[in-house]
Every structure is written in structure tokens, then in C-alpha cells.
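Here is a sequence with its predicted model. Questions after.
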Amino acid sequence: MLTVIGDELLQVSSEAHLESPPIRPRVAFDSTGSPAPACQAEGGTHRATLPPMKLKMLLRLQGCLVTITPPPLGFPADDDWRVKWINPERKEVEIVNQRTNDCPTLGADQIHSFTNDPTRAADGEKHGSLLLLVRLTRTKRSFRAQPLTPAHRARYLGAHLRQRA
């Protein structure tokens, strides 16, 4: 196989086209949604298939009533949760269930996006839905966040995108 680069004619072996393309390094995302250093704790790099919500946008949700997708195990899907406080230094968000007063704390990187729900805003409060990258499970004393499997991510993200269309 022959390759022309500028005015030079290079000869390349016929096996060169059979080689696989170089592997691109995977990118992890930090809580601002920008590329972050690779995760060393897992022994290599990884890529968040769904980047988390930007912290600046998250700060606007203080006091907002939200529903959570996927719903925490043991809670109805239409339960209202209030964004109680946001700690930008620790990148944490505490939400409180309006029915049971349970207060799980989420990492800002566990929240994918917020979707506004103007149909419920008749009472003057801001309403919406948080799409999480984890599934909350209640333990005896607190909540545990379990990462969603790729199949669950596709399921919940697909439903989220169909609602927005």
C-alpha cells in the first residue's frame, strides 16, 4: 500500500491496514461536568457514560420540590422530595421526603439532570424531577446509593428523554 504525505511517497506494508486503531483513553467527569483525572482507585481509567449535573446549576435548586428517577427502593415514584441544602465545598445535596421526613444525602456527581415541571408549579413553588445516576436504598440508619447498571441507565435515561420530547 502506498501513502502520499505532502510531496513524499511512503511505502507501507500491506499488513498495516489490518492493525486495530489506537485505543483512546477514557475520560471521567467531575461534578462540574468537565473531564477529570482518571480514577486510580479502580486500577485504571473509566468513563462516566452520563456526565453529572453541573454544580452551578444544582445550586439553583435549593428549596425546590422534586420527584426522583429512579425512585428510591420502598418509596412511591410520585413522592415529593425537597432539596433541603446544598454544600458546594463538599459537593453534597441533602433532600428530604415530604411524606416520611427521610433525609438522604447525595453527592453532586450522583445527579445527572433536573427537568422543570411547570404543570405542578401552580402553588408558586418550583417543581421538577431529578434524574439520578444511582438508586437509593434505605438501610437501618441511613440511605445507600447503588450505581445503576448500564441496562438500568439506558432504561431510565430513555424514559427521561421521551418525557422531554
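Cool, the structure landed.

Can you give me the neighbour number for residue 112?
When counting by other CB atoms under 10 Å, one arrives at 21 neighbours for residue 112. Every residue, glycine included, has its C-beta placed from N, CA and C.

Need the CA coordinates for the helix or strand hosting it. PDB is fine.
Assigned by DSSP states H and E, residue 112 falls within strand 111-116. Only the C-alpha atoms of strand 111-116 are listed here, as PDB (Å, rounded to 0.1, in the frame of the first residue of the first chain):
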ATOM      1  CA  ILE A 111     -27.300  13.700  39.900                       C
ATOM      2  CA  HIS A 112     -27.500  13.600  36.100                       C
ATOM      3  CA  SER A 113     -30.100  16.300  35.500                       C
ATOM      4  CA  PHE A 114     -33.100  18.300  36.600                       C
ATOM      5  CA  THR A 115     -36.200  18.700  34.500                       C
ATOM      6  CA  ASN A 116     -38.600  21.500  35.300                       C
END
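
residues in contact with the very next helix or strand once past it?
The first helix or strand that comes after strand 111-116 along the chain, using DSSP H and E, is strand 127-132. The contact list for strand 127-132 (CB atoms under 8 Å, 6 or more residues apart in numbering) reads 61, 64-70, 81, 95, 106, 110-118, 120-121, 148, 156-157, 160.

Next, the angle strand 111-116 makes with strand 127-132.
160 degrees (axes from the mean of the first three to the mean of the last three CA atoms, to 10 degrees).

Could you tell me which strands sit next to strand 127-132 in the sheet, and their orientation?
According to DSSP bridges, strand 127-132 forms sheet pairs with strand 65-69 (parallel), strand 111-116 (antiparallel).

Nearest to residue 138, out of these?
Each of those has some distance to residue 138 by CB to CB; the shortest is strand 65-69, at 12.8 Å.

Whatever helix or strand comes next after that closest one vs strand 65-69, what angle?
Downstream of strand 65-69, the next assigned helix or strand under DSSP H and E is strand 81-87. When the same axes, to 10 degrees is applied, the directions of strand 81-87 and strand 65-69 differ by 100 degrees.
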